[in-house]
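# structure for this input, please:
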Amino acid sequence: MALYSYTKEVNTTRRRLLTLTSYASMTVGALFLFWSFYPIVAFEIYSRVFINNTITDPIASTSTTSLSKAQRVKGSDTTFSTNLVDFTKASAWFPDSYSSGGQEKNIDLKEYSLSIPKLGVSDARVLVGGDDLLSGLVDYLPQNRPGEYGTKSIFGHSTLLQNYDPADYSSMFSYVPTLENGDTIILSVGQTKYEYQVFDKYIVDPDEISVLNQQFDHSYLNLITCTPPGTYFKRAVVRAKLAQLPQK
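Model (predicted):
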């Protein structure tokens, strides 16, 4: 008489369905993770290869970063805090710019428009000295009008690249870091258009506020957004200058 006997397990329809559901769930989960993180990883690789990560005039790092300063002002800087920095406000992007004496100049212009033909951005609203990045792009600490000598810095939101919409202010600047030298940016004040051409781009930390410095030997434009897209760890800066200088 045999000591052991084996019975073949019946592969029922219910068991097959459960197995199929399990594999389907794992596949969907893997695809979702890929959909969420691939653009960030891909952009990080792109930025390290094609975008300069140093600038010629950086400020010295301190033991207290601008991000931690902003968190203490606008919320808690603890890891598990739910009262986080509101990065829909332009003032949270470079908090040290205010403590370092950065001030906006009272100019006779409330808003104008920006177009980036290569990215499909057309007549986007730019708020002069504004703060709400969901209502428009923000001309940060304005010192001059478009087309004048000096440097304009315009902030715009970015998000995951798969959610990009050139008409949505919450994602409008997602592809700005991909602009190349010679690409065109147009600032319009009424019927007057000022054409700028990209000549440089780089990535900086939030406390490298020297990117906001004024230069008065030409008419410059900085387009600034958070990077990698959908995060707020660093700032991507695309620099452009007026194709034809105004008459002094």
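# the bottom helix or strand of this structure by mean pLDDT?
Least confident helix or strand of the chain, by mean pLDDT, DSSP states H and E, is helix 66-74 with a mean of 37.
# where along the protein do the strands fall?
Ranges of strands in the chain, per DSSP state E, are 111-116, 121-128, 137-139, 150-155, 184-189, 192-204, 219-227, 234-242.
# turn those strands into a markdown table, including distance to residue 170.
Where C-beta positions appear, they are placed from N, C-alpha and C, glycine not excepted. Shown next, in a markdown table, are the strands of the chain (distance: least, Cβ to Cβ, whole Å):
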| stretch | distance to residue 170 |
| --- | --- |
| strand 111-116 | 16 |
| strand 121-128 | 12 |
| strand 137-139 | 11 |
| strand 150-155 | 13 |
| strand 184-189 | 20 |
| strand 192-204 | 21 |
| strand 219-227 | 11 |
| strand 234-242 | 16 |
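# with respect to burial, which of those strands scores highest?
Mean neighbour count (mean count of other Cβ atoms under 10 Å) peaks for strand 137-139 among the strands of the chain, with a mean of 27.
# quick one, helices of this structure?
13-50, 66-74, 96-99 (DSSP state H).
# neighbours around residue 19, how many?
For residue 19, the tally of surrounding residues (other Cβ atoms under 10 Å) stands at 11.
# low-scoring pLDDT stretches of this protein, where are they?
Scanning the chain for pLDDT under 70 picks out 1-11, 23, 29-85, 95-105, 245-248.
# can we see that at 50?
Scanning the chain for pLDDT under 50 picks out 56-83, 99-101, 248.
# touching, residue 111 and residue 138? I think so.
No - using Cβ atoms under 8 Å, residue 111 is not in contact with residue 138; the gap is 10.2 Å.
# pull up the overlap in contacts between the two.
Residues within reach of residue 111 and of residue 138 at once, by Cβ atoms under 8 Å, 6 or more residues apart in numbering, are 126-127, 130.
# can you add distance to residue 192 and give these back as JSON lines?
Below are these laid out as JSON lines (distance: Cβ to Cβ, whole Å):
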{"residue": "126", "distance to residue 192": "14"}
{"residue": "127", "distance to residue 192": "19"}
{"residue": "130", "distance to residue 192": "21"}
